[in-house]
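**Student:** Next come a sequence and a model predicted from it.
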Amino acid sequence: MLWTGLRKLGKELDFERTDSEAAGMLKNCFVKMYDGKNLKAVELYTPQMEDDDKDYIVKKLEANKIKKHEWQQNGIKIEFAEYFIPYSISKIKDLLNELVNYFAVKYPAQKPPCQHCGLQNKTEIYDLNNVSMLICNDCYKHFEKTIQDENAEREYIPNNYLRGFIGALLFAIPGILLAVLLFVFLNSLAAVSAIAYIFLGILGYKKFKGKITPVGAIIIIIAGLIMVGIGTTVAYSVYILQLLYKEIGFIYIDRLFEVLKMPEIQKELMTNIVISYLVSGIFFALQLNNMLKEWKGVKSIKSLRKIN
Ligand SMILES: [Zn+2]
């Protein structure tokens with residue numbers, strides 16, 4: 001995400017942007033900035049990152065009371081936490097200037113290496129699927145080719161939605177075992193196996209060459225919903241069988257069906273199914289949201305665009 005504050009700072013620094021980041025070169029560092037949940041993030045990629053450089057950065061962060069950072073390959077991601085009021089853009093700018101000046105003085109003739117191959121080639125900033133990256137020409141060509149091939153392949157894959165659906169159902173079957181185990185041995189909700197149905201479902205969908213599109217994502221969720229119903233029914237049946245076994249000492253399937261036809265048992269089964277759907281529903285909604293984002297549209301590599 002790129003909100004007004006960082007967008008303005010980006011413009012001031014002569015950066016360009018992707019849909020969600022402002023990025024550019026500042027002296028001899030590659031910098032990208034974006035808004036996150038309750039934070040602004042700045043990633044700084046430097047010509048080199050030795051232990052004394054790290055010490056210097058950490059001291060600066062401590063002096064500015066910035067608690068969170070993550071080391072990256074040849075760089076650092078700094079998080080500026082903000083809870084009620086936005087973090088001061090001018091403070092971010094000051095810190096950034098201090099840091100890039102340090103690296104400009106220490107490594108005046110160097111630039112950060114290519115972020116993909118790590119070589120000290122001539123680099124440029126590209127927008128790779130909405131993430132800015134500093135890469136060399138060879139790596140650009142590599143990405144361009146891979147993306148072209150991938151997109152072409154997507155085009156030619158027929159709409160294998162039915163195959164994908166069957167794959168998702170078949171692969172999710174082991175998830176039923178989890179439902180049974182949870183229900184019979186832990187007396188806990190079989191709905192937890194929804195997680196297994198989705199992960200196995202995605203695996204099955206892909207193995208059966210289902211087309212990776214938003215429709216595909218919905219199909220996997222539908223398969224998952226079906227599996228929740230089946231899984232809970234199977235788990236409950238095994239539970240009843242186990243009770244019958246305790247009572248009469250052997251497994252007697254016909255008796256199971258008689259029991260399952262009893263109104264109070266049916267009611268209990270229905271209650272279990274409804275609870276399973278309620279509990280797994282939240283997980284399904286989150287997964288669907290993630291998958292729709294991830295599986296939408298074609299990939300691309302392109303130049304960044306101007307910040308307006
Ligand atoms: Zn490269």
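**Tutor:** That came in fine, so what should we check first? Keep in mind that this is a model prediction, so the values were computed, not measured.
**Student:** Every contact and neighbour count from this point should use C-alpha atoms.
**Tutor:** Will do.
**Student:** Could you export stretch 197-204 as PDB, keeping only the C-alpha atoms?
**Tutor:** Taking C-alpha atoms only, stretch 197-204 is exported to PDB below (Å, rounded to 0.1, in the frame of the first residue of the first chain):
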ATOM      1  CA  TYR A 197      -9.000 -30.000   2.900                       C
ATOM      2  CA  ILE A 198      -7.800 -26.700   1.500                       C
ATOM      3  CA  PHE A 199      -4.100 -27.400   1.400                       C
ATOM      4  CA  LEU A 200      -4.600 -30.900   0.000                       C
ATOM      5  CA  GLY A 201      -7.300 -29.500  -2.300                       C
ATOM      6  CA  ILE A 202      -4.900 -27.000  -3.800                       C
ATOM      7  CA  LEU A 203      -2.400 -29.800  -4.300                       C
ATOM      8  CA  GLY A 204      -4.900 -32.000  -6.000                       C
END
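**Student:** what about it, average pLDDT?
**Tutor:** Computed over stretch 197-204, the mean pLDDT rounds to 92.
**Student:** Next: stretch 170-179.
**Tutor:** Computed over stretch 170-179, the average pLDDT equals 91.
**Student:** excluding its backbone neighbours, what's nearest Ser132?
**Tutor:** Tyr126 (5.5 Å; Cα to Cα, 6 or more residues apart in numbering).
**Student:** Look up how far the ion lies from that neighbour.
**Tutor:** Going from Tyr126 to the ion by Cα to the ion, to the nearest Å gives 12 Å.
**Student:** Around Cys117, count how many other residues there are.
**Tutor:** When counting by other Cα atoms under 10 Å, one arrives at 12 neighbours for Cys117.
**Student:** Okay, and Ala41 sits in which element?
**Tutor:** Applying DSSP states H and E as the criterion places Ala41 in strand 39-45.
**Student:** Asn38: what's it in contact with?
**Tutor:** Applying Cα atoms under 8 Å, 6 or more residues apart in numbering to Asn38 gives the contacts 81-83.
**Student:** Report the contact partners of the residue of the stretch 201-308 of the chain found nearest the ion.
**Tutor:** Proximity of the stretch 201-308 of the chain to the ion (Cα to the ion) peaks at Ile301, 14.2 Å away. By Cα under 8 Å, 6+ apart, Ile301 lies in contact with 126-129, 143-144, 147.
**Student:** beta partners for it?
**Tutor:** Leu128 (DSSP bridges).
**Student:** Tell me the spacing between the closest residue to Ala41 other than its chain neighbours and Lys111.
**Tutor:** Spatial nearest neighbour of Ala41, excluding adjacent residues (Cα to Cα, 6+ apart): Glu79 at 4.6 Å. Counting by Cα to Cα, to the nearest Å, the gap from Glu79 to Lys111 is 23 Å.
**Student:** tell me the least confident of the contacts of Ile301?
**Tutor:** Comparing pLDDT over the contacts of Ile301, the lowest reading goes to Asn129, 87.
**Student:** What helices and strands are in contact with the host helix or strand of Phe199?
**Tutor:** Assigned by DSSP H and E, Phe199 belongs to helix 194-207. Under the contact criterion of 3 or more Cα pairs under 8 Å, 6 or more residues apart in numbering; DSSP states H and E, helix 194-207 touches helix 161-186, helix 214-248, helix 263-294.
**Student:** Recalculate using a threshold of 7 Å.
**Tutor:** helix 161-186, helix 214-248 (3 or more Cα pairs under 7 Å, 6 or more residues apart in numbering; DSSP states H and E).
**Student:** now those in a markdown table, with mean neighbour count and distance to the ion?
**Tutor:** Formatted as a markdown table, the helices and strands packed on helix 194-207 follow (neighbours: other Cα atoms under 10 Å; distance: least, Cα to the ion, whole Å):
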| stretch | mean neighbour count | distance to the ion |
| --- | --- | --- |
| helix 161-186 | 20 | 36 |
| helix 214-248 | 20 | 32 |
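**Student:** Could you point out which of these sits nearest Asp19?
**Tutor:** Closest approach to Asp19 among the helices and strands packed on helix 194-207 is made by helix 214-248 (20.2 Å; Cα to Cα).
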